[in-house]
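Asker: here you go, sequence then predicted model.
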Amino acid sequence: MAAAPTQPGTPDPSLIPPPPPGYPPYPGAEEPKKKRGLLIAAIALVVIMVLCVGGGVVAFLTLRNAETGEGAKEPAVAVDEFLTAVYKERDATKAASRVCAASRDDGKIAAKVAEVQKYASAYQNPRFRWTTPKVDNQTGERATVSTRVTMTTSDEKVSDQDLRFTVVQKTGWWVCEVA
């Protein structure tokens, strides 16, 4: 085939150099990847944490003053059992099991039992007894009980102490205060 005639004054197209190659496209901002899975997981984790912490707080507030076990049937019986544990058995754990949860301080109860033990070792054959606990005042879930504790030694020494107890009803009667 013959080459196409060119018009006069026009350069021969075969003599024109090809254009330079184009620039690559601008790597501008790509469309952001959607991270919905990560967002949903983060929200679910926050919700679970809030529920766990909230449940823990509710459980703590509900159970912090919960009595474990059964209290005594009557206010005077609660006082008598407490006095027996402290003065006769000298058992801090048993004494604490007769004290209401709001006032239960194992350290103070153990200190009182240790004090009684100290008296017992300082005197000759001390014996502790008390008058039958008497309910002075009872209103619904609260009672005031009084008694007199007497320590007698084998060499005829005698010491008396009047005690007044505040006893509360929850799952039975519990000693809450001694004055």
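Answerer: That came through fine.
Asker: ok, which stretches of the chain are helices?
Answerer: Counting by DSSP state H, the chain has helices at residues 36-63, 75-83, 92-96, 106-122.
Asker: just name the most buried of the ones you listed.
Answerer: Highest mean neighbour count of those: helix 75-83, a mean of 23 (counted as mean count of other CB atoms under 10 Å). Placement of C-beta: from N, CA and C, glycine included.
Asker: between the helices of the chain, which one is closest to K134.
Answerer: For K134, the closest of those is helix 75-83, at 6.9 Å, according to CB to CB.
Asker: against which helices or strands is the closest one packed?
Answerer: Contacts defined by 3 or more CB pairs under 8 Å, 6 or more residues apart in numbering; DSSP states H and E place helix 75-83 against strand 134-139, strand 142-152, strand 158-169, strand 173-178.
Asker: what about that helix, average pLDDT?
Answerer: In this model, helix 75-83 has an average pLDDT of 91.
Asker: tabulate the CA atom coordinates of that helix in PDB.
Answerer: Output of helix 75-83 as PDB, limited to C-alpha atoms (Å, rounded to 0.1, in the frame of the first residue of the first chain):
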ATOM      1  CA  PRO A  75     -33.000 -11.100 122.100                       C
ATOM      2  CA  ALA A  76     -32.000 -12.400 125.500                       C
ATOM      3  CA  VAL A  77     -30.800 -15.700 124.000                       C
ATOM      4  CA  ALA A  78     -28.600 -13.800 121.500                       C
ATOM      5  CA  VAL A  79     -27.000 -12.000 124.500                       C
ATOM      6  CA  ASP A  80     -26.500 -15.200 126.500                       C
ATOM      7  CA  GLU A  81     -24.900 -17.000 123.600                       C
ATOM      8  CA  PHE A  82     -22.600 -14.000 123.000                       C
ATOM      9  CA  LEU A  83     -21.600 -13.900 126.700                       C
END
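Asker: quick one: that helix to chain centroid distance?
Answerer: The chain centroid and the centroid of helix 75-83 are separated by 29 Å under CA atoms, centre = their mean, to the nearest Å.
Asker: cool, and stretch 37-50?
Answerer: The chain centroid and the centroid of stretch 37-50 are separated by 26 Å, computed with CA atoms, centre = their mean.
Asker: again, but for stretch 43-56
Answerer: Distance of stretch 43-56 from the chain centroid (CA atoms, centre = their mean) equals 17 Å.
Asker: could you do stretch 74-93 as well?
Answerer: Taking mean C-alpha positions (CA atoms, centre = their mean), stretch 74-93 and its chain are 28 Å apart.
Asker: touching it from outside, list them.
Answerer: Outside stretch 74-93, the residues within contact range by CB atoms under 8 Å, 6 or more residues apart in numbering are 71-72, 94-95, 97-99, 106, 109-110, 112-114, 116-117, 120, 128, 130, 132-135, 138, 143, 145, 147, 149, 165, 167, 169, 172-175.
Asker: if we can go back for a sec, pick the most deeply packed of the helices and strands packed on helix 75-83.
Answerer: Neighbour counts (mean count of other CB under 10 Å) averaged over each of the helices and strands packed on helix 75-83 peak at strand 173-178, with a mean of 21.
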